[in-house]
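[1] Starting from these lines, generate the structure:
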Amino acid sequence: MSTFTGLANPWKGKGKANGLESDFDDLTPAITYRHLHAQHFGPKDPLRAIALCDSDAFYATCEQVRLKVDPAVPLVVRQWDSLIAVNYPARKFGISRMDRWDDALKKCPELKIVHVATYKEGDDEPGYWEKPDTRTHKVSLDHYRRESAKIYNMFKEGLPGTEIEKASIDEAFIDFTRPVREKLLERFPYLAKVPDDAPDGLDSTLPPPPPISWDGLGTLIPLHPARDNDDAEVELLEDDLLTTWSDVALSIAAEMMGRVRADIHAKLGYTLSAGLARNKFLAKLSASYRKPNDQSILRNLAIPGYLRPMPFQKIRFLGGKLGKALAEEYDVKTVGDLLSITLEEMQRKFGEESIWVYEILRGIDRTDVKEKSATTKSMAASKNLTQPVAKASEGSHWIRILAAELALRLNEARDQTPGLWPKSIVLGLRQGWQIYRSKQAPFPFSRTVTIDLIAAAGDKLWKELIGFDDSRPLPMKITHVGLSFTGIASNESGQQNIEGFFKDSDVSVKAEDRGTKRKLHSIVEEKHASEEITECQPSRSAIATHFDCGRCGRRIHISDDLAGIGIEDYIKQQALAALRTEHEDFHLALDLSKLPEDGVNAAKFRPDPPQKKFKKPKSKPEPKPDGIAKFLVKK
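    Numbers count the residues shown, from 1 in each chain. The predicted model follows:
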């Protein structure tokens, strides 16, 4: 006989009495065998387990580890006159990131102050200078990016099967749902098969879970938090000891999270705080519950007690104009105060989109943890100038400093992913926040990345935008200079520039092949097409003589003269590679100019010559955002 029993809901009556069911849905969802054995997990999965892991005082800890400073020493990181990071020992002296470095030193004379690394013209890498000058130096965060990558890689190695989304330089969301599901079936093998007497087959509710020992797994956020003193220790009540399968899932995720946090601390020297809950929003909130170097666990039944007393304007996207509008409209301060507002009333006042506000207040978040590509599509280096550029010739100074940063970052990326190369380089100039000028150009391929190569391309763009004539007034007051790469992607194997086929080839081109070389250049020029491609697939013959364009569907052939018998194989290969490269580069140009994709039919996109003069109608003003959108200003 099977020991199957339906899972009773011991909190149902209490939920109704406290009004929890009316304000918070699915705190104790019925979890079935179908849920447990599902292969695809969505935001509504009742066994979902999400963590937000946050490095403690990250920049400060990076400097502490680099300098081998005792973690108990008060330490701050300085950028010019301001503080950008304060470690926890320094915070005990009342020092915050709002302080100036000299004021912080008055609060703690023993304070260790580290200025971030900076670039200066003439150096290939940033350095730590005793007195960096904002008029000649540029801040570098490269060291912190590298350390962040180390932590991320340890997440990947230590948490196989999870989905990891890097949220910022010091934060990452981790979806434990899949490995937790595997661990559940491993620990409770009786769940692997639906009992014969299960009343609803796969849709039968799982039997009650065993009790959980939370010792060593982190800090449990209580079901009934203290009200008189937020710092008071609250003993677990009897209700806190009740267990659901969602709690079991969180406990398994907490075990895994705890192990990788300890491993990172042992190997890299960083402490991390984590929050675990059923979705990203709640994991983010709970990560700050007990810091530093701890992990907080928010079970479903603790959600109402945790959210109700929280000032709602502290929630992301509910501060600023929207939070102020909500507070003034309903005369409220906390999440609990807003729970009495019906969805219909909120949508009537703030529009249909305000449903997400209604759901967030109830702990509902439908966003997925999505792993981002390890290959960045762009790189940018910029400098806000305390003293505006006074002469056109001064641009070279800043362009060379920005080029040094881009060269270092691109070389590091190419070490990880050989073949990476940017399609374009962009120079942007700004006057305050009002006037913006930019210019871009294809970035030439080279075997090595050098500061000179990038600076030369940047200088050319500067000349086209500003010029180098100091006798002429500048067209704008330049207070910001930015240099960036766009369209960074990995070149296909064997792909190289046309010059490389003949200058650097292991097989030299003989005198009798010069005619073939000229034909090759001619073919490249004649085969420019007007369609865009994402990928060109080579043919599968032993020596390919054509490729198929993955986006436009055209088959592109090399010349019959080169494809024929008697032409050496390496010449055919070079011709095809050159043709593919030129095809892709031409489509990049079309991308930038936004021309029609179909060159054959491009004529029909050209306007007919005007037959008579007519007045251009006045453009209609853009409609003002309505509802909740007017409170969310894109920065």
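
[2] which secondary element of the protein has the worst mean pLDDT?
    In the chain, no helix or strand scores lower on mean pLDDT, DSSP states H and E than helix 12-18, which sits at a mean of 33.

[3] Chain neighbours aside, what residue packs nearest to residue 108?
    Residue nearest to residue 108 in three dimensions, not counting chain neighbours: residue 93, with 4.2 Å by CB to CB, 6 or more residues apart in numbering. (Each C-beta comes from the backbone N, C-alpha and C, glycine too.)

[4] Please apply the same query to residue 358.
    residue 343 (4.9 Å).

[5] Could you report the pLDDT at that neighbour?
    The predicted structure scores residue 343 at 91 on the pLDDT scale.

[6] Same question for residue 232.
    The predicted local confidence for residue 232 is 44.

[7] One more: the one 5 residues further on?
    Reading off the confidence values, residue 237 has pLDDT 50.

[8] Please apply the same query to residue 614.
    The predicted local distance difference test score for residue 614 is 43.

[9] do the same with residue 35
    Model confidence at residue 35, expressed as pLDDT, equals 93.

[10] what does the one 5 residues further on give?
    What the model reports for residue 40 is a pLDDT of 87.

[11] what sits against it?
    With CB atoms under 8 Å, 6 or more residues apart in numbering as the criterion, no residue contacts residue 40.

[12] and it, which of the three is it?
    Following DSSP: H, G, I helix; E, B strand; the rest coil, the label given to residue 40 is coil.

[13] Adjust the sequence numbering to begin at 440 for everything that follows.
    Understood, numbering begins at 440; the last thing we discussed is residue 479.

[14] now residue 892, nearest residue through space, not along the chain?
    residue 885 (5.6 Å).

[15] what's around that neighbour, how many residues?
    When neighbours are defined as other CB atoms under 10 Å, residue 885 has 12 of them.

[16] how close does it sit to residue 846?
    Distance check for residue 885 against residue 846: by CB to CB, to the nearest Å, it reads 11 Å.

[17] Likewise for residue 751?
    46 Å.

[18] cool, residue 595 as well?
    Computed with CB to CB, the distance linking residue 595 and residue 846 is 27 Å.

[19] I'd say residue 793 and residue 786 touch.
    Yes - using CB atoms under 8 Å, residue 793 is in contact with residue 786, at 5.5 Å.

[20] Counting neighbours, go ahead and name the busier of the two.
    Comparing residue 793 with residue 786 by neighbour count (other CB under 10 Å), the higher total belongs to residue 793, at 22 against 17.

[21] Can you show me the helices along the stretch 790-939 of the chain?
    In the stretch 790-939 of the chain, the helices defined using DSSP state H, counting those that start in this stretch lie at 794-799, 834-855, 890-904, 937-942.

[22] Show the contacting residues for the residue nearest to residue 618 when sequence neighbours are not counted.
    Closest residue to residue 618 in three dimensions, ignoring its sequence neighbours and counting by CB to CB, 6+ apart: residue 600, at 4.0 Å. Remark: with contacts taken as CB under 8 Å, 6+ apart, residue 600 is in contact with 617, 618, 621.

[23] Quick check: helices, which of those are part of them?
    617, 618, 621 (DSSP state H).

[24] Now tabulate these in CSV and tack on distance to residue 710, pLDDT and neighbour count.
    Shown next, in CSV, are those (distance: CB to CB, whole Å; pLDDT from 0 to 100; neighbours: other CB atoms under 10 Å):
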residue, distance to residue 710, pLDDT, neighbour count
617, 27, 95, 16
618, 24, 96, 18
621, 29, 95, 11
